[in-house]
Each structure stands twice: as structure tokens, then as C-alpha cells.
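# Please work out how this folds:
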Amino acid sequence: MRRRAAMLCGAAVVVAGSLTTVPAEASASPTATQTPLAANLTWKKCGTTDYPTLQCSSVKVPLDYRDPHGKQITLALSRVPHTAKTYQGPLLVNPGGPGGSGLTLAGFVASALPKEVAAQYDVIGFDPRGVGDSRPALDCKPGYFDPVRPNSVPSTPAIEKANLARAKSFADACGKKYAGVLPYINTISAVQDMDSIRKALGAKKLNYFGYSYGTYLGAVYAKLYPERVRRLVLDSIVDPTDVWYDANINQDYAFDDRHQAFMAWVAKYDSTYKLGTDPAKIEAKWYAMRAALAKKPAGGKVGASELEDTFIPGGYYNGYWPYLAEAFAAYVNDKDTDPLVETYENFAAVDASGDNGYSIYTSVQCRDAAWPRDWNKWRKDNWSVYAKAPFMAWNNAWYNAPCAFWPTKSLKPVNVANSKLPPALLFQATDDAATPYQGGVTVHRLLKRSSLVVEQGGGNHGITLSGNSCLDKYLAAYLTDGTVPRGSGAADAVCAALPDPKPLNSTAASQMKAASGSDAASSSSRGETLHGMLGFRG
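Numbers count the residues shown, from 1 in each chain. As a prediction, this is how the structure comes out:
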């Protein structure tokens, strides 16, 4: 955490609001109406209570783009159509993953953007190949995450052997069940699908808005099809130079930092949680809880590994901290396991949708880039990480371990360096654990003429449209007319992070809940909605 913050603080930066903005070229005019080509999609109403104007469709694409007339697969699409006279084309959105469904995200983005901005776009969501309502939808091994799993920390040869057997069984199951599909589940194929969606929409160019892994999708799309990019927004940015083995190692250190930030937050509210005022001693209580659960899982469901699963979401979004703290305190202070089991079920239990998402996560990451096939390297690297950053080290290792046994050969990562794009807009929090700060700096350097907006002191993953009006101001300006901030130094603009949350039973929280129509309440609600869509693990 200190290292990432120092990279920003040591450079000359521009304080939000004190810089000159410059509009992007050509397509920047807010009155420049985009003329669509002939589209060949049929849209049907599929609105929900939250997003009543959603429409749904689908498009067939080649499984293998080298054989465009061969086997076809189906991609599920969603749309909130534009309503303004000024039409700026489709805005394709993606929540990340890999393996995240984007159908509902279209409704969220359209409702969270200023009305006058959203009205100028067809906001398009999609389920990437293999995901959700797209067909085929992969589910390699249903119930793979059913509790109680072996302890993630392989402190004995028997525990390591059990975890290795699980990981290999998942890779084997994928290979047997989807042998003809796995070679084509990867980022490049997904990017080619995005261009097929563009064609089906009848658009000459795409506007794109991606979170998390969706930033890598966007950067790769821009690399392969730079002339077809109109606007490009990347939020919480994958470092394309360390996909994917090194990226997960780097995550481990960052998540440990965020876990310690959570411990400090709990210490601040000792009057509520009664766990003490010393973060180090509180952390010791957390690890004591973990050790106890390894011996006696709570409710027959929450063992050591499931406890980690439950608290990892707090590294993505601090809005979960009050719920996690209540469960932690109830277990330690009252020996009450019910809140912990409930929190596990809310934040960590994996259903069929989660099984599908994990099947795509592994299929894409294991195929995209080379992974060590020698388990000795995994063992050495992860014990080294664990010695310094124990919170997620081995949990993350086993999450990715099927890649050590994956049945398809690996591709090479894409060099996303690009000087052919219109100005792109990047957003990055300094203390983001899932996509550490360096990723934003790296992509800012690789995408010429891009602008980087930094959330100073922010630790959440996915930061726009989540309640920070400073960040959202830059997003709205860019989507309106292509305006991007320009500054000197590591960032082009800096926004202060939102305050950390209050405990659930605090007066402030009660007042916020009561003021259901207030800006504070809507910001908190919007943040929880967004992070529920982004999911975890990227």
C-alpha cells in the first residue's frame, strides 16, 4: 500500500478542478450525430423492476474465427436504447471477470450516468462467450466450491495433496466436458466477438466502458481494431505486462494491505465491535478465528478457506466492512456463528452462476498466457508471499491452481501499446487491491494520449458510478463531448476518495438509511449495486 501511494505522491500531479481540459478530436462535438449502418438484430423487452427499459437480443458468432462459416455460438445481448436526438452510437459495457455477465450492467450504467448523457447512447451489455445466457454456457464441475474445502494453507503434505487433487480434477473435468470449446475461450476471441457485436449493431465505431478485467478486454480490442474505437473508458485497470501468474502474486500483497486497513477500521470503532483498539491484536484475533474454524467449521459450512472467501470481498469494496465486522465480533465476543454463516452465504457461497463464472475465469486465464507447470515453483513462490502477506496468498494460489494442469496450450499476452487511438480516459484508485495502482500507470503510458484520473487514498475496485461525484464529473464530460483532463506527472487529475463507511448501528448510518432519497443514501446504494455486478476475483 505504501509503495503504491508513494508512486503517486512522489510525482507532480494536478488537483481535481485546477486543470485545463481538452476535447478529443473528430467525434468530440456533442451535436455530431452518429449515423448507424444497417443493423440485423431483433430486440425484445426484458425490463426488470430496477431497469424497466432493458431490451434483449442475441447474435451468432464463429466459435473459431479462422473458420467463420464453421460452428457458431450465441452471444446474449442487452440494450437500453438512446432517447435523445443526438446519437453518439453504442456504448458497450463489461463488468470484468473473466466470467462476469454484463446484461444487467447495461441497465445500471444507463441509470447511473446523468440522464442527458445516457440518452445519447445505446448502452449495450453482453455475456461474453461461455458466460450466463450465451450458449454454450460452461460449467466444468458443478459444486466445486461446496463447503467445507480443505484448509487453503498447505501446512502438511496431506493438505497440499488434497488441494492439488481438487485443482487437477477441475482442469480434467473442463478438458473432458469442453474439449472442443476450450481452445476458443480466451481474451482474443472475446475481443473478436466484440467486433462482431459492433457489426451486428450497424456501428462504424464502438464506444467502450470496461471495469477490471474489462479494461484488458478494452485495451486488447483497441490494439486489434484501433480505427474502430470512438471512446474508451477503463476503470480499475489490469496491468497488461504481468498477465496472469504474476498479476495474482501482486494481488496477494495488495489484498493483505486492504485486510490490514480493515483491521484498522475495526479498531477505530472499538465502541461498536469491542475487539480492541490495536489493529495488530485485532488481526491476531482474526487469525485465531481462522484456526478455530479450521478445526470446527461454523454451521458445518465456514471453515478456514470459506472464512477467507467471506472476507476477500472486503478487499474489493469497503461498503462490506460493517457486515464483516459484525460477523467477526459476534464470533469472537459471543461465540455466535450465525452472523458468520449468514455473511458467508451472502458474500461467498457459490451458486450455479458462480460455477459458470469460475469456469470461464479459469478457461480464459489459463489459455491467455503461460503458467508454471512445475508445482515446485508455485509452492516456492506462494510460501514466499505467505511469509509477508498471508491473508489471501494460498487461497488465491488454489483459486488459480487449475492452470498448472490446464488441458489447452497457452497463448501469448497481447502487447497493448497503442499510438493510434483517440484520447482514452482511465480511472484508478491508489489502494485498489484487485488491480493495483501500477496497472493504471502502465496503461496510461502504453496508450498514447490517454488521460489518467486517480482516486487518492481509495481502496475500492470499480470507482466510477459508485458515489464519487468528482470521478463521475470527468466520466460525464468525456462521454458528452470527448473532453479529457490534461496534467503533468503521473496523473492528469486527482480526486479524493470517499470516506470509509460507518458501523451499521451508528447514528450516521441510521440517518442515511432513513434519508432514502438523499444523495448519501443513493451513493451508498449505487456502490453496493455496482460491486454486486462486478463480483470478485477480477
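# any chance you could map the helices in the stretch 51-200 of the chain?
103-112, 115-118, 157-177, 187-201 (DSSP state H, counting those that start in this stretch).
# Return the set of buried residues in the third one.
What it means is helix 157-177. If you call a residue buried by 16 or more other CB atoms under 10 Å, then helix 157-177 has these buried ones: 159, 160, 163, 164, 166, 167, 170, 171, 172, 173, 174. No exception for glycine: its C-beta is placed from N, CA and C like everyone else's.
# sorry, back to before: right, and the helices of the stretch 51-200 of the chain - which one's nearest residue 246?
Of all the helices of the stretch 51-200 of the chain, it is helix 187-201 that lies closest to residue 246, at 16.3 Å by CB to CB.
# that older thread, of the helices of the stretch 51-200 of the chain, give the one that comes closest to residue 265.
The closest of these to residue 265 is helix 103-112. By CB to CB, the value is 26.2 Å.
# helices or strands next to the closest one in the packing?
Packed against helix 103-112 by the contact rule (3 or more CB pairs under 8 Å, 6 or more residues apart in numbering; DSSP states H and E) you find strand 72-80, strand 90-94, helix 115-118, strand 122-127, helix 519-534.
# can you map out the helices along the stretch 401-538 of the chain?
Using DSSP H, counting those that start in this stretch, helices in the stretch 401-538 of the chain cover 438-446, 469-481, 507-514, 519-534.
# Could you pull up phi and psi at the residue of the chain positioned farthest from its centre?
Within the chain, residue 334 marks the point farthest from the mean C-alpha position, 34.7 Å out by CA atoms, centre = their mean. Per-residue torsions, residue 334: phi -120, psi 0 (degrees, to the nearest 10).
# 47 is where my numbering starts, stick with that
Done: numbering now begins at 47, and the last item shifts to residue 380.
# Okay, and the beta partners of residue 106?
Bridge pairing for residue 106 (DSSP bridges) gives the partners residue 120.
# got a list of what it touches?
Taking CB atoms under 8 Å, 6 or more residues apart in numbering, we find residue 106 in contact with 118, 119, 120, 121.
# quick check, nearest of the residues you listed to residue 550?
Distances from residue 550 to these, taken by CB to CB, are shortest for residue 121, at 40.2 Å.
# Surely that closest one touches residue 173?
Yes. With contact defined as CB atoms under 8 Å, residue 121 and residue 173 form a contacting pair (6.6 Å).
# shared neighbours of these two, which are they?
Counting by CB under 8 Å, 6+ apart, the contacts common to residue 121 and residue 173 are residue 180.
# Going along the chain, name the strands of the stretch 347-496 of the chain.
Assigned by DSSP state E, counting those that start in this stretch, the stretch 347-496 of the chain shows strands spanning 471-475.
# Quick one: low-confidence residue ranges for it.
Scanning the stretch 347-496 of the chain for pLDDT under 70 picks out no residues.
# Kindly report the same for the chain.
Applying pLDDT under 70 to the chain flags residues 47-85, 552-569, 581-584.
# longest helix of it?
Counting by DSSP state H, the longest helix found in the chain is helix 291-314.
# tell me the angle that helix makes with helix 484-492.
130 degrees (axes from the mean of the first three to the mean of the last three CA atoms, to 10 degrees).
# buried stuff in helix 291-314?
291, 293-309, 311-313.
# Give me the number of neighbouring residues for residue 254.
Residue 254 has 28 neighbouring residues, counting by other CB atoms under 10 Å.
# Quick check: residue 321 touching residue 379?
Yes. Using CB under 8 Å, residue 321 makes contact with residue 379 at a distance of 7.3 Å.
# Which residue of those two possesses the greater neighbour count?
Taking other CB under 10 Å, residue 321 and residue 379 do not tie; residue 321 has more neighbours (22 against 12).
# Apart from its neighbours in sequence, what residue is nearest that one?
In space, and not counting its chain neighbours, residue 321 is closest to residue 328: 5.0 Å by CB to CB, 6 or more residues apart in numbering.
# For the helix or strand that neighbour falls within, enumerate the helices and strands it packs against.
Counting by DSSP states H and E, the element that carries residue 328 is helix 325-341. Counting by 3+ CB pairs under 8 Å, 6+ apart, the packing neighbours recorded for helix 325-341 are helix 291-314, helix 350-357, helix 367-380.
# okay, the angle between the first one and helix 367-380?
If you take the same axes, to 10 degrees, helix 291-314 sits at 60 degrees to helix 367-380.
# now for helix 291-314, which elements pack on it?
Contacts defined by 3+ CB pairs under 8 Å, 6+ apart place helix 291-314 against helix 325-341, helix 359-362, helix 367-380, helix 421-434, helix 439-446.
# Of all those helices, which one is nearest residue 177?
Comparing the helices and strands packed on helix 291-314 under CB to CB, the one sitting nearest is helix 439-446, at 18.0 Å.
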